[in-house]
Structures are given as structure tokens and as C-alpha cells.
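Participant: sequence and predicted structure are below.
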Amino acid sequence: MTNHWIDIINTDVAMVMGSNIVENHPIASKWLTRAKERGAIIINCDPRYTRTSSFADIYCKFRSGTDIAFVNGIINYALENDFINKDYVLDYTNASFLISEKYSFNDGLFSGYNNDTRAYDKTFWAYELDGSGLPKKDLSLQHPRCVFQLMKKHFKRYDIDTVCQITGAPKDIYEKVCRTYTSTWAKNRVATWLYAMGTTQHTHGTQNIRSYSILQLLLGNVGLAGGGINALRGESNVQGSTDMGLLFHLLPGYLASPTKADQTLEDYKKNNTPKTNDPKSANWWGNYPKYITSLLKAWYGNNATPDNDFGFNYIPKRSADYSHISLFETMYSGKIKGLFLFGQNPAVGGPNTNKERKALDKLEWMVAVDIFETDTSVFWKRPGVNPADNQTEVFLLPACSSIEKEGSVSNSGRWVQWRYKAVEPIGESRSDLWILDALHKAVKKEYAKDGVYREPILNLNWNYGNGAEIDFHKEPDVHFVAREINGGFVQSKEVMILKDLKSFKKGDQAPSFATLQDDGSTSCGSWIYCGSYPGHTPEKNNMARRKKKDAVNNIGLYPEWSWAWPVNRRIIYNRASVDLTGKPLDLKRWVIRWNETTLKWEGDVPDGPWPPNDKYPFIMKPDGHAWLFAPNLNDGPLPEHYEPLESPVENYLSSQQVNPAVKLWYKINPEGNPVGDVTKYPIIGTTYRVSEHWQAGAMTRNIPWLAELVPDVFVELGYELANQKNIKNGDLVVVETARGSMDAFALVTRRFQPFHLNGKIVHEVGIVWHFGYSGLARGDSANLLTSHIGDANTMIPEYKAFLCDVHRKEGGAA
Amino acid sequence: MKALLIDSTRCIGCRACQVACKEWNELNAEETTFFSGKGYQNPPDLSPSTWTLITYNEVEVNNRFDWVFGKMQCFHCNVPACASACPVSALEKTEAGPVIYHASICLGCRYCQLACPFKVPRFEWNKIIPEITKCTMCADRINAGMEPACAKVCSTDAIVFGERDELIAEAEDRIRKNPTFYIHHIYGKEEAGGTCVMHISNVPFNEIGFDTNIPMDPIVSKSSHAMKPIPYVLTGLGLVLGGVSWVVNRKKELEKETKSGMEG
């Protein structure tokens, strides 16, 4: 989230698209309720009428997988009617920047495309630079190659009629959505965009978010209270896990994981540190060398020295795609021997589950760490499999639950909240931290005896206060971990902060990442968390703060409740919430303002301390401007509509049916990856969750009270389709795709309505994906139906749109 | 007098209240299949182990399709028909608001079930010593200075706990501020002489599962004296039926054990 949960109350218009906030973030809907009662209009766009729709003022249906067409249409509506915040667009975005003559767009393809590699040469989309290396600009926004004009041309094709033919949205309601949402271009009106997995889990998921961002920037809604681009994270601490580097291409703090191009630390710094010739650009990532060096010092301590490049080559180099689908394709081919699963259940949650379960069969060993026996941990006795035929050695380690251990949880709004142990762990269960600590100690012991390239293991800095030996009764001290993540000085150092010289002693905790160094004098486990624990005692643990006092601007920031990264900033890009003189664009819910007397900012922690207009507001971009035109993505600088891998219609706009930059697994590894055709599978399928169950279900399908509420897997379908197929509510039906089939109970409802697409009527059905063959409440997994195809940038699987067929199961009346 | 105000326009149907009720009152989960009621509704009805239930109603309001959630539970009448029908005062209206039940003096006659205009009390047919069951408004929590479990967990404040007259004022205020949205009626303000569980809604109450033919006067059983001997007869019948139910359930349990034994 650019903003945070409580901030939703400040909005005038809340768009919920690609999220079912009410069902999947029920606690958070409290803030949406407050916003609504203060007069905000809630818009919900979804293929299905959900519990969120029932809560919304405007509901607009649209077909799964057509988000880009839908939102590009709103962008076009804003551009055509001049419903844009022009000052904001001019001052704070790259609208005026000129793009290279090599840029073009034709029939769904951007210039620079290579058919053989299915990849773009992104230099075709670069800025045109002037003599001093700065992007050329046209502040009149009239130059045919300025971003603004290129956008006008690109989005013009998304007129309302075209959008409705593609998406199946009813024209009158769609127009109302366009009108209502773009009304927030006015300086005293603001809109927030709330999205989740309904947005990301597509072959064009990243570009879905791009379209939201472009719209929000045109309307001037980023950086303001009640605005922003807000990802509702799918799990309570998934924000924390990505902050700590749990994505395959990242180290903690969103630093890139090294590749083969980074042979030395110097190479790595050079390849990753952006440069600018513009003195007004803060170019915050220019500090990259400080963050990577401090991270290496945290990991390797005294063993990280300038002589060994601070242990840079101890970190493995990324040489392949380690995303979920790719890993399971590799596992299926027999190249992966072992698998650790911490709270993950891919036998239910992975796409194309038939294939992924077979991939698990190829493992020599598996370790599953969970609070219940998961479907994955008993994959060897799944239905239709003889356990005697399976050779995998499986270990199930009992983990304790969140209330049985102490630590931090980072929510979607980047608030890092400390929580305490409420009860002792049950039986032999232990915290993930204890399990990892014990694992480390055992592995280190083995490497101490013998092994290949032992230094990365033996030189690891590892002391969490519970002794050198594994002791079942001694938990590692989680405060040691938190303090290491915050970081501090490993040698005494004088540091210049703005105009003040501050001296730090060896052993001091760092107060903020502005003090981190690239010479090895500081260590820091994740630079964005620097400041979360700036002392040695629990009283200095900012994450544990619980003061209920609001900030001076009274917009619900509560700066002394927990701690938010970065540097306790609650609304990021907040320098865009003021004009060039530091005066808030929106006076009644201002975020920051410049005090002419004290010459200081007031309100939220600003994006950097510089006076107004000293620096551009989007400090994480090398040019300091928000990117309406983004020349760094794999599938194009502007969002373009493509159909999902499996679609009932041809692309209405171009001959490019599917995102041209996605990896086609069905071509790379045809075995187990069939693609369905509309003649055999004419119905759109999608998957989702319900309030009553959690993800792959291990935590909820084993709770009798929750199993009582939703005991069985079900498919929701509309009356028209049900009549055609002679299906009645409660019938047992079979849902089938090219990859698999499943049984489910039919829930016939008015909440699914057919789509009228360019003269064709298409039906959509939806299935809850929580179920599997293990636990108390059991049922077939919806992911038996989904496929191995992912987004062009993130590789997240396309769970949300596929083709299927539905029919009554013979003798299956309930 | 304490009361609950339930605003269906704030309810998101998450059912945290249903689970919290079972958790606080230590009620068993029921064995359900698919959705035995309307929409996502489960279990199908109130029962000895389900004291509150969210109903899912697909309705049409002002030509717009909508999905509205209702909450079923004991209304805790100001003058409860159940208590007046009870020959031994096993049901009692407390000063604090809740209508509570004293199992130790209950005869098991089930007059209360027949008397209740909202058809709320449920009888434990499958127990050897059956009791009447219903929502207690968490009287134990209220006595300890806490709010009922359902109100405590409600994330959108669709369920609000407080003084009855203050809640009526709050409900009237909400309706006054949004007159085109709400139905101009507080269900439970007058019904059956007034209740401690009150509802406001943006759809007609009969469309979300409420009986709109309830008289506005207290429903007091006038014939309780004449019917005094009958409880003992009914109790006898109840014991027989209870016995039958026990045998049937025991058989089901045994079948289940055999089945799971086969699954290994």
C-alpha cells in the first residue's frame, strides 16, 4: 500500500477492483464502512456479485481477465474529457518527457519485439536525452513524442463501446463508473484504489496495476490522504515476508539478488545503482551500495571484510527463473531432490495441481513445517496413489501458531506491529525461528567436519542468544533478530546527516537508514526496517508502541502506534500531496505542509527532509517523476489489453491474442500442460476464497466451527447456465478443463450473470479453491483446473481466468 | 436495560459472530453438507448448538439486485412470552436485559417453544437430560462488564451493544440522516412489546427473514393456569421422543466410526 488501512476513511471514492475486501479482509472493511458513512462512494467491479458488491454503491460486472480494457477505458474517459489534475501531471509525472523515435505501437505490439525470444528490447522505449543527459521535455504537452500525446493516442482506442464489447460491462453502469471515478481529478476530491489477487493473478497482472497507477496519477490521487494504490496483501504477514527477501529475485529490503553478471561487489553496485545528472532528483536508490554492504555485514559480521568483498560471493548467483511454476516444472523433470515447505501447501494452492502433485512424487525428501498436517505433506497417500509406490522421505515438523510465539507482523500498510506470546506452544511444536536456528546449527556442524565451499555456511554471523547447541527448551531471542534487522555501527563513525555531523560509537543501533555506510562500518539486515528498533532494550522497540494519539493533521496516521517502513512514513510519495511551494493540494485532509517560520515540514514524515521543490517528489525513481510511461517492464511501457491464455473470444483490439512477452510453458514442456479450446470448453472459470476459509485450507478446514459454515467445495453459476445444463442448486456437478476435472456442489445464484461480448453470450463460473483431500472438511481442489502460465513480469500464475465446462455428475443429486 | 442494535446495511456476512458465539458458549460444530440453507447459510436453522445464525438473502431493492444478511437469535423481549408461559419460571427476564434460562428447574415441557412469537427456543431432543437452548445475550459476559461475544467480534460495528434507549436514539439518528436508504422502522422497538435485540435495514424486514406480523403488544400466555397439569404429560412424551432420538443418533455415530475405520 502507498497508504494504509485506516487511511481508507479519508477517501471520497473507493474503487474495489481485483479484490473482494469484504470477504477476504473482513476486519479491514471497518475502514470502508467508516468511509461510506462519511459520504464516500464505494465502487466494486467484479465478474461476480460478492459480499463486497452488496456493500458497494455502484456494482459493475465485467469478464475475468479484461481489467486492462476496463481501466484503460476510464483513462481514456479522463483524457478525452480533460478530467485530469494538470499541475500534478505536469510537475510530478513524466507526461512531458520525450520518448525515443524508435518507440512505436502497432497491432498489439510495441517496437523492439523479438519473435524468437518473445522478449522486447526496452531501449526502443527510452527517453530522448539532451546534451547533459537529462530527458528532453515539452511542458506544453503538445509534442507528438511526449508521453502525454503517446498516451492519448494509445488509450483512444479504448472508447466506451469498445470496452463494453470486450469486458461485457453494461454500458450505462460503466459510464457511471467512469464519471464517478474521474470526478476525483478535482484538487479537493480524492479516490483510493484497492486491489488484491484478482488483479495480480493474470498473464498481464503487472500491467493491470500499471493501468490503475496511470489513472491515479492523471487524477492526482497518489501521495494524498484517502488516495494511493493499495494492494491488500493476501496474508497477514506477506508484506513482511517480501520485505525480508522471500521473493526469489530479491534480497531483504528489495535489493536485487545477484546474477552471473555480478561477479564482484563492484559489478553488483554498478549494475544496480541508478544514476541521474539532475540535481533536483533525490534518486534514493543511489544509496544502493550502502544497503548491500550493510546487509553483508549483518550476515557475515567480522568475516565480511573489504578483502573478501564483504562476503559478496558467498551469496548464490541467480542463474534461472525460480518462480513457482518454473520450480515445479523443474521438479517434474526430476532435477530437484528435496523440498522445504514452511506454511505452504502447493498440493492445493499450486496451479495445475495434477502436474504439481506428480512433481512431488519425484522428490527424494520433503520437509513440511506447519501447524496441521497439510495436503502436501500427505501427497504420498493422496486419492488414487498407492503409498507403497512412493519413495519420498517426508518429515512433518510441528510449527507453533502465531499466538504461541513473539515477533513482528507487517501489515499491508507497512505497519510493523510487535506481538507477544499469549500461550505456550502445544506438544513438540516450535516456532519457525527455533526450527531454522536448529537447522542452521545442525548444517554448520556437518560443514565444520567436511564439505564443498564451506565458507558461506561457516562464516555466517549467527548468535541469537540461545547458545551454540540445539536445545529444545531454548528459543532464540527474537529481539536479537529484530535488532540485527534494524542494524547498527560495527565501528565508531562520524556521519553527516543533512548539515549536522553526528558521531556514533561501535555497538550503537542505527537511528535510520540515512546513517548506513558502504565502507563496512554499519550492518543492517533490511535497510527499510532501519529505525524499527534503534536501541538495545525492548523499550526502544518502536514496533511495540501503542499510543493512540493522532498526528497534528488528524487524518488517522497514529504515528506512535507501532512503526511503519520507511522511517515511520505512513503515506508514501507524500511530497506529491503539496504544490511546489509546500502548500497542501487538499487543505482539509493535508498529509504534510511546509512551515515557513520553522522551515520544517509538519504532519507525516515527508519523503525526504528537503524544502519544497528542492527535490522531485517520486524519490525512488532516478528522474524523480512518477512513470505514466514505464520503460522498464517486460511487456510494454503502457498497458495493453490481451486475452488470458484460455479465452472464449478473439482479441477485439489486435492480432496478439495473449500477452506476447509471457513464457509459454505448454510449448516449452508440453507434457502435462494442455491448453483448452473454446469449442470444447466454452465457459469462463475463475477461482477465489471465502471469509470462512483461509488459503489452502489447512488452518481452517481443520477447525470444526469453520468446517460447519463452509463444509464442501462448491461452484457458483448463474440461472441461465444452470437451466441450459439442467443443473439445480445443490446438485453435484463436474467442472472440467483441459488439465483436470473436479466434483463440486452447484450453487445456482443470480450473483453470476452472463456476459454479452460483441454479439456473443458467454457464461462464467467461479470455484472456491480452499479444498483438498486432507483435514476435516475435504473436497476436490479447484487448482486441478488451472494452468501453468504466468505474468510476464512477476510469473504469478493465471489463476483467475481459464476455460472450462460444467455438467451434472451422474447420480450426483445431493 | 442493555440491548443490541443490528444494522443489516453494515453487516458483511462474515459470520465472525456465529463462530464467536460458539467459541464463548462452548457449543459444538454441527455436521453440515454443502449449504443446507439459502445461499451460504449454514447450519440450516437455529439449534441447540447454534444460537445465532446469519441468513443470506438475494433480494431486489429499487430495481437493483442485492445480497443482504440477516441475523437470527433470541430477541430478549421486554415482556418475554417464554417466561410468562413457563410454569416453573425457568426462564427469567433480568433487569440487565437478557432473558436467561435456569436449567436446574426446567421441567422440559417446551411451553416456551410454543409461546415464543419468534420461534427461537430449541430443545435438545438428542440428550438424556435435555435442556431448552437459546441465545443468552452472553448474560455472563454482561455481568462481568463485557459486551456479548457477537458484538465484540463484529468488525464493521453492524452489531452494537449498549443501553436500549440510547440504541433506539442511535437507530433513529441513522435513519434520519439517511432517510432514502433505510426502511423507516426499528424492528424490535415495538414488536412483541419491545425487545432487547433490535434491527434496522435498507430492505423490507420480511425479505431478510423476519416475521412482520408480530403483534406490537406483549404476548403473555393467558392460559397458563389452566394448562398447569399438561407439562407433566408433555415431559413424559418428551422423554420418550428424546429416547428415540438418542437411539437414532447413537446408530449414526456407530456407522460413522465404522466408516472412518475403513478409511484408515
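Facilitator: Yep, that arrived.
Participant: show me what residue of the stretch 51-200 of chain A gets nearest to chain B.
Facilitator: As assessed by C-beta to the nearest C-beta, chain B sits closest to residue A:54 within the stretch 51-200 of chain A, at 4.1 Å. Placement of C-beta: from N, CA and C, glycine included.
Participant: tell me the secondary structure for that residue?
Facilitator: helix (DSSP: H, G, I helix; E, B strand; the rest coil).
Participant: what's around the nearest residue in space to it that is not next to it in sequence, how many residues?
Facilitator: Spatial nearest neighbour of residue A:54, chain neighbours left out: residue B:67 (4.1 Å); criterion: C-beta to C-beta, 6 or more residues apart in numbering or on different chains. Residue B:67 is flanked by 20 other residues according to other C-beta atoms under 10 Å in any protein chain shown.
Participant: so residue B:67 is in which element?
Facilitator: Using DSSP states H and E, residue B:67 maps to strand B:64-72.
Participant: how far is that strand from where the chain is centred?
Facilitator: With C-alpha atoms, centre = their mean, to the nearest Å as the basis, strand B:64-72 stands 18 Å off its chain's centre.
Participant: that strand pairs with which strands?
Facilitator: Sheet pairing of strand B:64-72 (DSSP bridges) gives strand B:53-61 (antiparallel).
Participant: extract the C-alpha set from the strand it pairs with and format it as CSV.
Facilitator: Taking Å, rounded to 0.1, in the frame of the first residue of the first chain, the C-alpha atoms of strand B:53-61 are listed here in CSV:
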residue,chain,number,x,y,z
LEU,B,53,-27.4,-17.6,12.6
ILE,B,54,-26.6,-15.3,9.6
THR,B,55,-29.2,-15.6,6.8
TYR,B,56,-28.2,-14.8,3.2
ASN,B,57,-31.0,-13.2,1.2
GLU,B,58,-30.9,-12.4,-2.5
VAL,B,59,-33.4,-9.6,-2.9
GLU,B,60,-34.4,-6.8,-5.3
VAL,B,61,-34.3,-3.2,-3.9
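Participant: I'd say residue A:276 and residue A:623 touch.
Facilitator: Yes: between residue A:276 and residue A:623 there is a contact at 6.5 Å, judged by C-beta atoms under 8 Å.
Participant: what's the residue in the stretch 1-150 of chain B positioned nearest to chain A sitting at in phi/psi?
Facilitator: Residue nearest to chain A within the stretch 1-150 of chain B: residue B:29 (3.4 Å; C-beta to the nearest C-beta). Per-residue torsions, residue B:29: phi -70, psi 150 (degrees, to the nearest 10).
Participant: what sits against it?
Facilitator: Listed by C-beta atoms under 8 Å, 6 or more residues apart in numbering or on different chains, the contact set of residue B:29 reads A:704, A:705, A:707, A:708, B:22, B:49.
Participant: okay, how far is it across stretch A:3-10, tip to tip?
Facilitator: Length of stretch A:3-10, first residue to last, C-alpha to C-alpha, to the nearest Å: 11 Å.
Participant: what separates it from the chain centre, distance-wise?
Facilitator: 18 Å.
Participant: ok, residues contacting that stretch?
Facilitator: Stretch A:3-10 is contacted from outside by A:14, A:28, A:31-32, A:34-35, A:38, A:190, A:192, A:194, A:225-228, A:230, A:411-415, A:555-558, A:564, A:570-572, A:589, using C-beta under 8 Å, 6+ apart.
Participant: how many neighbouring residues does residue B:206 have?
Facilitator: 10.
Participant: give me the element residue A:293 is part of.
Facilitator: helix A:288-300.
Participant: if you average pLDDT over the helix or strand just after that helix, what comes out?
Facilitator: Going down the chain from helix A:288-300, the next helix or strand is helix A:324-332, by DSSP H and E. On average, the pLDDT along helix A:324-332 is 98.
Participant: same deal with stretch A:293-305?
Facilitator: pLDDT averaged over stretch A:293-305 gives 98.
Participant: so how far is it off the chain centroid?
Facilitator: 29 Å.
Participant: contact residues of chain B facing chain A?
Facilitator: B:10, B:12-16, B:18-19, B:22-23, B:28-35, B:39-40, B:42-43, B:58, B:65-69, B:155-157 (C-beta under 8 Å from any C-beta of the partner chain).
Participant: from residue B:98, how far out is the most centrally placed residue in chain B?
Facilitator: Central residue of chain B (C-alpha atoms, centre = their mean): residue B:73, 1.8 Å from the mean position. Here residue B:73 is placed at a distance of 11 Å from residue B:98 (C-beta to C-beta, to the nearest Å).
Participant: residue A:99 too?
Facilitator: From residue A:99 to residue B:98 the distance is 70 Å (C-beta to C-beta).
Participant: correct me if wrong: the residue nearest to residue A:54 contacts residue A:55.
Facilitator: No: here residue B:67 lies out of contact with residue A:55, judged by C-beta under 8 Å, at a distance of 9.3 Å.
Participant: what helices and strands are in contact with the helix holding residue A:293?
Facilitator: With contacts taken as 3 or more C-beta pairs under 8 Å, 6 or more residues apart in numbering or on different chains; DSSP states H and E, helix A:288-300 sits against strand A:255-256, helix A:265-272, strand A:522-523.
Participant: name the helix or strand for residue B:162, please.
Facilitator: With DSSP H and E as the test, residue B:162 turns up in strand B:159-163.
Participant: quick one, strands of chain B?
Facilitator: B:2-7, B:53-61, B:64-72, B:91-93, B:99-101, B:122-123, B:132-133, B:159-163, B:197-200 (DSSP state E).
Participant: in its sheet, what does the fourth one sit against?
Facilitator: Spelled out, that is strand B:91-93. Assessed with DSSP bridges, strand B:91-93 is paired to strand B:99-101 (antiparallel).
Participant: and stretch A:235-253, how far out from the chain's middle?
Facilitator: With C-alpha atoms, centre = their mean, you get 10 Å for stretch A:235-253.
Participant: pull out the buried positions in that stretch.
Facilitator: A:237, A:239, A:240, A:243, A:244, A:245, A:250, A:251, A:252, A:253 (16 or more other C-beta atoms under 10 Å in any protein chain shown).
Participant: can you show me the CA trace of stretch A:178-198 as CSV?
Facilitator: Extracted in CSV, the C-alpha atoms of stretch A:178-198 (Å, rounded to 0.1, in the frame of the first residue of the first chain):
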residue,chain,number,x,y,z
CYS,A,178,-16.1,6.4,-15.4
ARG,A,179,-18.0,9.6,-14.4
THR,A,180,-17.8,8.9,-10.7
TYR,A,181,-14.2,7.8,-10.5
THR,A,182,-12.8,10.6,-12.7
SER,A,183,-14.7,13.2,-10.6
THR,A,184,-11.7,13.0,-8.3
TRP,A,185,-9.5,14.9,-10.7
ALA,A,186,-10.5,18.0,-8.7
LYS,A,187,-8.0,19.0,-6.1
ASN,A,188,-10.5,18.7,-3.2
ARG,A,189,-11.6,15.2,-4.2
VAL,A,190,-9.6,12.0,-3.9
ALA,A,191,-10.1,8.4,-4.7
THR,A,192,-8.4,5.2,-3.4
TRP,A,193,-7.8,2.1,-5.4
LEU,A,194,-8.0,-1.2,-3.5
TYR,A,195,-6.8,-4.4,-5.2
ALA,A,196,-5.6,-7.9,-4.5
MET,A,197,-5.1,-11.2,-6.2
GLY,A,198,-8.0,-10.6,-8.6
